[in-house]
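K.L.:
What follows is a predicted protein model with its sequence.
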Protein chains: 2
Amino acid sequence: MMTEKFLTIREMCDVFDVTARTLRFYESKELLFPVRQGQKRLFTKRDRARLKLILRAKRFGFSLEQVRQLLDLYHIDDQQQTQIRKTYEVACERLADMRRQRDELDAAISDLQEQMNWAEKIMQADENPKQAAE
Amino acid sequence: MMTEKFLTIREMCDVFDVTARTLRFYESKELLFPVRQGQKRLFTKRDRARLKLILRAKRFGFSLEQVRQLLDLYHIDDQQQTQIRKTYEVACERLADMRRQRDELDAAISDLQEQMNWAEKIMQADENPKQAAE
DNA sequence: CGTTCAACTTACGTGAACGTCAACTTTCGT
DNA sequence: ACGAAAGTTGACGTTCACGTAAGTTGAACG
């Protein structure tokens, strides 16, 4: 039926678990571009995709400004070809950043896992104490 | 010779590329515990390990408070056994968080890579234009 | 012995990312 | 038609993670 091409601000809040303030804030920072019906905002499929990426990127520690640059990579088709190459280079850096970050994250996960294996052993020993006190 | 067991604040700044303010701030938040020689701070090997983890975790979007909890996992041996189990559970959650985050990051990397492959094609077509203008 | 220099404390300032409150309009159900 | 509900625009407040400036102290050097 192709219904609900647009979402109201409240629906967006519910779907993505953010506040209306946040959505308006993101619009003011040019991260989202809801269309207007009168003065009310209506969020398009594109906005939903962008918001998903915003929230994801935020969890990786990106600032909103960095996110904005990232988002620009996803609507290249809207832009003039002239900018593609520059954008492409920015993308390369970001991609490298993310790879580095993933590698570090992998390392951190391994570290923590190891630490927890060790903790498990300690706890086992705690359950079967050689010298049962009290 | 076992020299330089300790680092001064300036040396720490140079090694980790942070400001002295940051180090003092981290101490005030109980993330670091430099020993004192008079009123001067001396950072131990343990502090260096902790700072490394702090900076790493920050890049994953953890708040300093979350980092502090994470750090607690790494000096279990200092603590009373009583706290181990609770700490262990916190660690499990953190670990799960980090795994989820890594998976998302993997997905994001794939997305961006795909987008860039597409961009490459566009740029190729731009270099070999069917209709050479100008 | 004076001063220079690094490190210290105290305290106020700042940018990012929203929260919150007030004061409207618009819309919708009865 | 009208009152509640939902949405809007300012504008100021708040938290986090430091920056920055002002004044102090202690070691070191010529």
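P.N.:
It's in.

K.L.:
so what's the residue nearest the centre of chain A up against?
P.N.:
Central residue of chain A (CA atoms, centre = their mean): A:Arg56, 1.1 Å from the mean position. Counting by CB atoms under 8 Å, 6 or more residues apart in numbering or on different chains, A:Arg56 touches B:104, B:108. Heads up, the C-betas are built off the backbone N, CA and C, glycines and all.

K.L.:
I'd like to know which elements the helix or strand of chain A with the lowest mean pLDDT is packed against.
P.N.:
One helix or strand of chain A scores below all others by mean pLDDT, DSSP states H and E: helix A:84-127, with a mean of 78. Under the contact definition 3 or more CB pairs under 8 Å, 6 or more residues apart in numbering or on different chains; DSSP states H and E, helix A:84-127 sits against helix A:64-72, helix B:45-59, helix B:84-127.

K.L.:
Format these as CSV; extra columns: distance to B:Val15.
P.N.:
As requested, those are arranged in CSV below (distance: least, CB to CB, whole Å):
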stretch, distance to B:Val15
helix A:64-72, 26
helix B:45-59, 8
helix B:84-127, 25
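
K.L.:
Relative to DNA strand C, which of these is closest?
P.N.:
helix A:64-72 (3.4 Å; CB to the nearest atom of the strand).

K.L.:
If you compare the directions of the closest one and helix B:84-127, what angle comes out?
P.N.:
40 degrees (axes from the mean of the first three to the mean of the last three CA atoms, to 10 degrees).

K.L.:
Now helix A:64-72: buried residues?
P.N.:
Neighbour-count burial for helix A:64-72 flags A:64, A:67-72 (criterion: 16 or more other CB atoms under 10 Å in any protein chain shown).

K.L.:
One more: stretch A:33-46?
P.N.:
A:34, A:41-43.

K.L.:
Is it correct that A:Lys40 is in contact with A:Thr8?
P.N.:
Yes: under the criterion of CB atoms under 8 Å, A:Lys40 makes contact with A:Thr8 at 7.2 Å.

K.L.:
Compare the helices and strands packed on helix A:84-127 and give me the one nearest A:Arg85.
P.N.:
helix B:84-127 (6.4 Å; CB to CB).

K.L.:
now the closest one, how far from the chain's geometric center?
P.N.:
16 Å (CA atoms, centre = their mean, to the nearest Å).

K.L.:
what does chain A have sitting close to DNA strand C?
P.N.:
A:19, A:21-22, A:25, A:29, A:37-40, A:58, A:63-65 (CB under 7 Å from any atom of the strand).

K.L.:
Let's have those in CSV, adding distance to A:Arg48.
P.N.:
Listed next are the residues of chain A next to DNA strand C as CSV, based on distance: CB to CB, whole Å:
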residue, distance to A:Arg48
A:Thr19, 16
A:Arg21, 18
A:Thr22, 14
A:Phe25, 17
A:Lys29, 17
A:Gln37, 17
A:Gly38, 21
A:Gln39, 21
A:Lys40, 17
A:Lys58, 16
A:Ser63, 22
A:Leu64, 18
A:Glu65, 21
